[in-house]
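Engineer: give me a 3D structure for the following:
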Amino acid sequence: MMVGIIVTTIESAPLVSELPGRTTPFMVAELRPQVTGIIQKRLFTEGSTVATGQTLYQIDPSTYQAAYDSAAANKARAEANLYNARLKAERYAELVDIEAVSKQANDDAAAALKQAEADVAAARAALDKTRIDLDFTRVKSPISGRIGRSSVTPGALVTANQPAALATVQQLDPIYVDLTQSSADLQRMRRDVASGKISLVGEDIPVQLILEDGSLYEESGKLAFSEVSVDLGTGSVTLRASFPNPNDTLLPGMYVRARLVQGQSEQAILVPHAAMSFDPRGNAIVMVVNAQNTVEARPVQNRGVQGDKWIVISGLAAGEKIIVEGLQKVRPGQPVQTQVIGGTQDAAPAQSAAAPATN
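Structural biologist: As a prediction, this is how the structure comes out:
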């Protein structure tokens, strides 16, 4: 029987993984009021882009303005008392030297000065507190990004630190993609690295993104970090990649697939897809013509694909003959004649002992 073969060669090949994932915002800010009051105005358009520090809601400031004015008046009164206490303390300090006043009176004046200074400090703190509360009546965006729908309308009563957010702002440029990889794959890769079959690439790992419709995302990303723990429910580890998203093409929650190079094999053998099969347990097998020109089923270890070929990192050596044509007609132990695909026929001595080939 004639079969078509290729002769294996050692090559350098990147080990590309294709992992599922979902997009997630780079930053998320849920807007909650920090003071209680009535919403007077909503100052944004739902779904629009907002900037850091932009006022989004105006809460009725009247009571907080009154509290601020009262605190300012209290501070002014405390400063006036301090001025009077300082003059008195300075005057008594001079008079006590000539015994024009008693030491007790001088001590009382010094204590009154310190009390007045403490009153000013307390009044200043109270004024700062009311200024902060007054500023909190303007609910501002802490980040730049896209704002969603509003959960309240003007006239609604909101309370300080309420659990329900008024709206949510999400920064989408750049955007994260959270990928999942099984812990078994990571352990297998670590064993291959330890045995020298593959080597790890650098820290700045480029990532390509495949969108839900199968198209390739035009921007290239990079791997940001990997989780250090395994998810108990799925047995997987999360890898996070960061992508530029200038046109908001990627939206939070989109399902995508990512391709990234996780290693490099300097002793790889590339095998066409048609030459490899898998047993019921998922183990990869190729049919090899051995030195006796008989067919041998060879288990191999593959690590991903490169174009239309599997990347084999163990189980094969350079110069071996892999059957790529006529696989359906051969079985292990069967003698065959070989012809290199694209080359010339190699008449095998064993063919004379073989039964006549049938088509």
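Engineer: just give the closest residue to the most centrally placed residue in the chain, not the sequence neighbours.
Structural biologist: For the chain, the residue nearest the mean C-alpha position is residue 240 (3.4 Å; C-alpha atoms, centre = their mean). Spatial nearest neighbour of residue 240, chain neighbours left out: residue 224 (4.6 Å); criterion: C-beta to C-beta, 6 or more residues apart in numbering. To be clear about C-beta, it is placed using only N, CA and C from the backbone, and glycine gets the same treatment.
Engineer: then residue 67?
Structural biologist: residue 130 (4.6 Å).
Engineer: gap between that neighbour and residue 137?
Structural biologist: Applying C-beta to C-beta, to the nearest Å, the value for residue 130 to residue 137 is 11 Å.
Engineer: residue 53 too?
Structural biologist: 15 Å.
Engineer: okay, those two: which has more neighbours?
Structural biologist: More crowded of residue 53 and residue 137, by other C-beta atoms under 10 Å: residue 137, with 21 against 11.
Engineer: that one against residue 36, yeah?
Structural biologist: No - between residue 137 and residue 36 there is no contact under C-beta atoms under 8 Å: 10.1 Å.
Engineer: doesn't residue 328 lie inside a strand?
Structural biologist: No - read with DSSP: H, G, I helix; E, B strand; the rest coil, residue 328 is helix and lies in no strand.
Engineer: could you list the low-pLDDT ranges of the chain?
Structural biologist: Residues of the chain meeting the criterion pLDDT under 70: 195, 197-204, 227-228, 342-359.
Engineer: ranges for the helices of it?
Structural biologist: 62-95, 103-136, 183-195 (DSSP state H).
Engineer: among those, which is nearest residue 309?
Structural biologist: In terms of C-beta to C-beta, the element of the helices of the chain nearest to residue 309 is helix 183-195, at 18.7 Å.
Engineer: now do the closest one: which elements does it pack against?
Structural biologist: strand 236-243, strand 255-272 (3 or more C-beta pairs under 8 Å, 6 or more residues apart in numbering; DSSP states H and E).
Engineer: got the buried residues for that helix?
Structural biologist: Across helix 183-195, burial judged by 16 or more other C-beta atoms under 10 Å covers 186, 189, 192.
Engineer: again, but for stretch 125-141
Structural biologist: 126-127, 130, 133-134, 136-141.
Engineer: repeat that for stretch 305-324.
Structural biologist: By neighbour count with 16+ other C-beta under 10 Å, stretch 305-324 contains the buried residues 305, 309-316, 320-324.
Engineer: just the ones of those in strands?
Structural biologist: In this view, the buried residues of stretch 305-324 that belong to strands under DSSP state E are 305, 309-314, 321-324.
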